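[1] Prediction below, plus the sequence it came from.
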Amino acid sequence: MAIVVQKFGGSSVANPERIKAVAKRVVEAKDRGDDVVVVVSALGDTTDELIALARQISERPPKREMDMLLATGEQVSIALLAMAIHELGRPVVSLTGGQGGIITDATHTKAKILHVNTDRVRRELAAGKIVIVAGFQGVTPDYDITTLGRGGSDTTAVALAAALKARECEIYTDVDGVYTADPRVVPSARKLADISYGEMLEMASLGALVLQPRAVEVGAMYNVPIHVRSSFSRETGTL
Ligand code: ADP
Ligand code: ASP
Ligand code: MG
């Protein structure tokens, strides 16, 4: 059985209706016969709101405590998505980054993944479950919670796909692929059918939000097929 990793960004899980739609899409993939690992971001603008909340307490909050705070956003998403999939009658388990084996260094707020321990995820897949892993977060070898930098759920997904030797890592977002420029800013931008890791890395490093640069680097390093596509349509996106 092949493993697919599906990542859903914040706008894809912004409200209960969208979470239910994501649950259906995940179940469809499972019904096609694949083992499915899902990575989710925090709901809508939750991360921005948590940052603003911290700023009301402290102008320079300790980075360790920022990670403790920010990681709560993704924990809300994994639980709600697991409930939605449970409602559809499918076995499912939600895991935090730490439970999902995402081990990082201790560079709080922009930690680097050192290693992915896939034991727990593999065990849950073998038991027939859909596995949901919180994006953007990990733990240090000392069990301190870390986050991977803004947009870090992309990197969680690609790193998991690499470690699990997944057939594909699907990045579901609010645009239907990678364009020659940000389609919200440049209306004449063209959608690309495919793009090399090198060109994608350049675009991401110049600030294209659509993939975190680190996710592209990990993808290139382990040759992970990454498919950026819309969570609101069935259209093929950009490979
Ligand atoms: P998610 O919450 O799903 O991770 P992001 O907001 O992080 O989504 O990234 C998607 C956004 O990236 C799009 O809404 C789009 O405005 C922006 N973007 C910037 N450059 C590009 C590009 N070249 N192609 C596609 N989207 C781009
Ligand atoms: N929720 C985090 C952020 O807003 C991670 C992500 O969305 O990928 O940056
Ligand atoms: Mg993003």
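    Structure's in. What do you need? Numbering: from 1, shown residues only. Ligands and ions are numbered 1, 2, ... in the order given.
[2] Can you list the residue ranges for helices in this protein?
    Secondary structure of the chain, counting by DSSP state H: helices at 16-31, 46-57, 63-87, 119-126, 153-163, 197-205, 213-222.
[3] The third one near ligand 1 anywhere?
    No - interface with ligand 1: helix 63-87 contributes nothing (C-beta under 6 Å from any ligand atom), its closest point being 11.4 Å away. No exception for glycine: its C-beta is placed from N, CA and C like everyone else's.
[4] between that helix and helix 46-57, how many degrees?
    Interaxial angle, helix 63-87 versus helix 46-57 (axes from the mean of the first three to the mean of the last three C-alpha atoms, to 10 degrees): 150 degrees.
[5] related to what we said a few turns ago, want to try CSV for the helices of the chain, with mean pLDDT as columns?
    Formatted as CSV, the helices of the chain follow (pLDDT from 0 to 100):
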stretch, mean pLDDT
helix 16-31, 98
helix 46-57, 98
helix 63-87, 98
helix 119-126, 98
helix 153-163, 98
helix 197-205, 98
helix 213-222, 98
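[6] Quick check: which of those helices is buried the most?
    Neighbour counts averaged per stretch over these are highest for helix 153-163, at a mean of 28; criterion: mean count of other C-beta atoms under 10 Å.
[7] Show me what that helix packs onto, helices and strands only.
    With contacts taken as 3 or more C-beta pairs under 8 Å, 6 or more residues apart in numbering; DSSP states H and E, helix 153-163 sits against strand 3-8, strand 35-40, strand 102-104, strand 113-116, strand 130-134, strand 168-173, helix 213-222.
[8] Quick one: mean pLDDT for the third one?
    Going back to what we said before, that points to strand 102-104. Strand 102-104 carries an average pLDDT of 98.
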